[in-house]
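Novice: The sequence and its predicted three-dimensional model are supplied below.
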Amino acid sequence: MSNGDGTGRSSRRRAILAMVVIAALLCAAFAAAIGSLNRDLYSAGGFVRQYLEAIARHDTTSALQLPGVELTDKALEAAKLPQNLPATLLRPAVLGALTDIHLTSDTEDEPGTHTVVYGFRLDGKPASMEFSVARTGTFAGVFDSWRFAASPLAVLQVTVLHEASFTVNGLTLDTRAHAAADAPATFSNQAAYLAFAPALYSVGHTSNLLTAPAQQIAVTKNGAADVTVDAEPNKPFLDQVQTELNGFLDACTTQQVLQPSNCPFGIEINDRVKGVPVWTIAAYPVVALTAGETTFEMADTTGQAHIVVEVQSLFDGDVETRDEDVPFAVALSVTVRPDGSLAIQLH
């Protein structure tokens, strides 16, 4: 009986010891797993990666729900940026390709505050962005939690010269959409929009009369990103003005007088006019437009009218035919009406 009891106690001790060892190993493995997760998934760099991967898969909802992403009016005011900005660009369809996401550095600037730098490719082009994140505590008692100390969102400030609308990554926007209802019409317009960063935005303008070549704007930092869209008259615009000008000059040639009324050309003849003056246009002024303060303008541009008329000399009575070119110059300004038609004013 004695030996049996001893053997039993010994077996129980070995079992307890084994359980203690197993428990210790499990605790160590658990602690190691927590440490690994805190160094990777729940690290400052891991937090930023969540944001970047959400953008990469165009999951704007998840990206915007991460702590600190929302850009408040208070933060905008502090940065001297417009407030109450539209979220029009914070939609999946506007985002391009974000690939090859890799951590470049994770630096603890002070306890609980990190500067994280990631490299990536924006539509295939290498770029990088710096993020500021702060530790906010733990969740589940063991995992680190973070927030963006400064929102990674950007403010795309767009100036559209000589127009109001523009396109960004295929989306057409009108800068006047968020203007006051009683705001006066202007030749050039401005608007600001919240935008994701990092992102590559292709910004330009294409319409029936005006064109601004698309420009690629790589937004790789938060805060203001300025872009100017210079909408200039395209070939259809110039052709239409040229046609209108040519038609006006042709109408002037139908006036069988030496000085056609309200026309840019004419001639003075001191001798007696015997026949009916016949005008034609030998060379039309070539339309070229530049933007002024409120309209598109063409400076004085030369052309050649041609006159054929029979005259008699007051000195000796000889009769001759005047057949010659008459140089002239014309300037004009053009306004695009709200309905898309052109208002042309000659000067």
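Specialist: Yes, it's here. Numbering: from 1, shown residues only.

Novice: Would you verify that Ile281 is located in a helix?
Specialist: No: counting by DSSP: H, G, I helix; E, B strand; the rest coil, Ile281 is not found in a helix; it is strand.

Novice: That one: how many residues sit nearby?
Specialist: Other residues near Ile281 come to 17 when the count uses other Cβ atoms under 10 Å. All C-beta spots, glycine's among them, are computed from the backbone N, C-alpha and C.

Novice: Verify the stated contact: it with His306.
Specialist: Yes: using Cβ atoms under 8 Å, Ile281 is in contact with His306, at 7.2 Å.

Novice: quick one, phi/psi of the spatially most central residue of the chain?
Specialist: By Cα atoms, centre = their mean, the chain has its centre lying nearest to Val203, at 3.7 Å. Here the main-chain torsion angles of Val203 (degrees, to the nearest 10) amount to phi -120, psi 130.

Novice: And the strands in the stretch 201-347 of the chain?
Specialist: Ranges of strands in the stretch 201-347 of the chain, per DSSP state E, counting those that start in this stretch, are 210-219, 223-230, 232-233, 272-273, 278-283, 290-291, 296-312, 319-336, 342-346.

Novice: partners of the first one in the sheet?
Specialist: With DSSP bridges as the criterion, the sheet partners recorded for strand 210-219 are strand 199-206 (antiparallel), strand 232-233 (antiparallel).

Novice: Can you add distance to Pro338 and give the ones you listed back as TSV?
Specialist: Shown next, in TSV, are the strands paired with strand 210-219 (distance: least, Cβ to Cβ, whole Å):
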stretch	distance to Pro338
strand 199-206	17
strand 232-233	17
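
Novice: Skipping its backbone neighbours, what lies nearest Ala134 in space?
Specialist: Of all residues not flanking Ala134 in the chain, Ala149 sits nearest, at 4.3 Å (Cβ to Cβ, 6 or more residues apart in numbering).

Novice: Backbone torsions only: list them for that neighbour.
Specialist: Per-residue torsions, Ala149: phi -70, psi -30 (degrees, to the nearest 10).

Novice: Show the contacting residues for it.
Specialist: Neighbouring residues of Ala149 by Cβ atoms under 8 Å, 6 or more residues apart in numbering: 68, 113, 132-134.

Novice: before we move on, what about Thr254?
Specialist: Applying Cβ under 8 Å, 6+ apart, we find Thr254 in contact with Trp279.

Novice: ok, it to Leu161 distance?
Specialist: Taking Cβ to Cβ, to the nearest Å as the measure, Thr254 falls 39 Å from Leu161.

Novice: same question, Asp271
Specialist: Asp271 sits 53 Å away from Leu161, taking Cβ to Cβ as the criterion.

Novice: For this structure, give me the ranges with low pLDDT.
Specialist: Residues of the chain that meet the criterion pLDDT under 70 lie in 1-41, 139-142, 180-182.

Novice: how's it carved up into domains?
Specialist: Recorded structural domains for the chain (assignment: automatic domain parsing) are 7-148, 154-231, 235-346.

Novice: Deepest in the core, which of those domains is it.
Specialist: Stretch with highest mean neighbour count among those: domain 154-231 (a mean of 18; mean count of other Cβ atoms under 10 Å).

Novice: Pull up the distance across that domain, start to finish.
Specialist: End-to-end distance of domain 154-231 (Cα to Cα, to the nearest Å): 24 Å.
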